[in-house]
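A.B. asks: Next input, structure requested:
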Amino acid sequence: MRKPLNKSGRVVLITGGAGFLGSHLAERLAAEGDKVYCIDNLHTGRRENLAALTRGGQVKLIEHDIVKPLPIMPRFDAIYNLACPASPVHYQSDPVATLRVCSQGVFNVLDRAVRDGADVFHTSTSEVYGDPEVHPQPESYQGNVNTVGPRSCYDEGKRFAETLLTDYCQQAGLRLRLVRIFNTYGPRMLPNDGRVVSNFIVQALQGEPITIYGDGSQTRSFCYVDDLIEGFMALMAAGDDAAGPMNIGNPAEITVGELAEIVVEMTGARSEIVYKPLPKDDPRRRRPDISRARQVLDWSPKVDLAIGLRSTIDYVQGEIEKGNMLNLCYA
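C.D. replies: Numbers count the residues shown, from 1 in each chain. I've put the predicted structure just below:
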């Protein structure tokens, strides 16, 4: 018998489960009493992120690319699809592969879900809004995306995935929860993933210049990973009024220049700040309208930026001390 969304003891699958967000979700679901299977091709995921859980038997990790048909596994009550490189340095390294994850990979997940009668949870992104002309961005905003730009493999891939998921689940009678994630940070971020938080922290801790692309006036809204996972849990457990896209992010907006100054102060670095040209199609402003999440899920972020950054800085410092800082690249 199919278990309700908000009950523990389910058998669940997380694609991208060894990644930054996937491993935090696996940890939370295992703590709730679910039997968790994680699929990951380990392109950006790391076995180390799940090591304690796999040793303890709460989680099983399977190395596999979801672009290929899914392997033989037990029947699942729910499938959480998190598989996709999410930072420019990674999704731009092979844009065709990124598009295939968002298309064939999503179809393979849906094909498995309909066979199992599983509930589907999909992580979309604020990048579907592109360089927004509406601020802050509500779920009703249809976006301003360049279909042939350097970021389009991810932006348009995620937009296509939303359409495929919505239409497929409606036709098949599957229950779908669709989250649009805004900038997230915290422990287990890849130090070399090219995102602004990890870039600034790594550069500051290593005494390198802090690199700002553009003049630093562009804004972002940073959500700590624990808050995001709480949003995931609330969304998956919610009723039918939670159907459709749901923004989950922190509406506290900050300029990239201000973030750089905070990181320098918190790390005690003596790094100078250097400026480089802004990449094409880089969003000028980014801030979620979370009115719907507040109303439907009774969710809002709780972790202050300074507290979240301290935790993240400590994690990255530990990675440096362990020697996990090879092949750094910044974007």
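A.B. asks: drop to CA atoms for contacts and neighbour counts, all remaining ones
C.D. replies: Fine.
A.B. asks: nearest spatial neighbour of Q317, skipping sequence neighbours?
C.D. replies: Using CA to CA, 6 or more residues apart in numbering and skipping residues adjacent in sequence, the residue nearest Q317 is L205, 7.2 Å away.
A.B. asks: so how many other residues sit close to that neighbour?
C.D. replies: Other residues near L205 come to 19 when the count uses other CA atoms under 10 Å.
A.B. asks: do the same with the one 10 residues further on
C.D. replies: One way to gauge burial is a neighbour count; for D215, by other CA under 10 Å, it gives 14.
A.B. asks: re the thing from before, backbone torsions only: list them for the residue nearest to Q317.
C.D. replies: phi -70, psi -30 (degrees, to the nearest 10).
A.B. asks: correct me, but it touches R270?
C.D. replies: No: using CA atoms under 8 Å, L205 is not in contact with R270, being 9.4 Å away.
A.B. asks: still on that earlier bit, tell me the pLDDT of the residue nearest to Q317.
C.D. replies: pLDDT recorded at L205 is 96.
A.B. asks: check contacts around it.
C.D. replies: Each residue near L205 by CA atoms under 8 Å, 6 or more residues apart in numbering is listed here: T267, A269, Q317.
A.B. asks: Apply 10 Å and report the result again.
C.D. replies: Residues in contact with L205, defined by CA atoms under 10 Å, 6 or more residues apart in numbering, are V263, V264, T267, G268, A269, R270, S271, I313, V316, Q317, I320.
A.B. asks: Now a ChimeraX select for only the buried ones of these.
C.D. replies: To isolate the buried members of the contacts of L205 in ChimeraX, using 16 or more other CA atoms under 10 Å:
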select :263,264,267,269,271,313,316,317,320
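A.B. asks: Any idea how many residues pack against R292?
C.D. replies: Count around R292 with other CA under 10 Å applied: 18.
A.B. asks: before we move on, what about the one 10 residues further on?
C.D. replies: Taking other CA under 10 Å as the criterion, the count of residues near K302 is 13.
A.B. asks: That one reaches C223, doesn't it?
C.D. replies: Yes: counting by CA atoms under 10 Å, C223 is a contact partner of K302 at 9.1 Å.
A.B. asks: which residues are common contacts for those two?
C.D. replies: Joint contacts of K302 and C223 (CA under 10 Å, 6+ apart) are N250.
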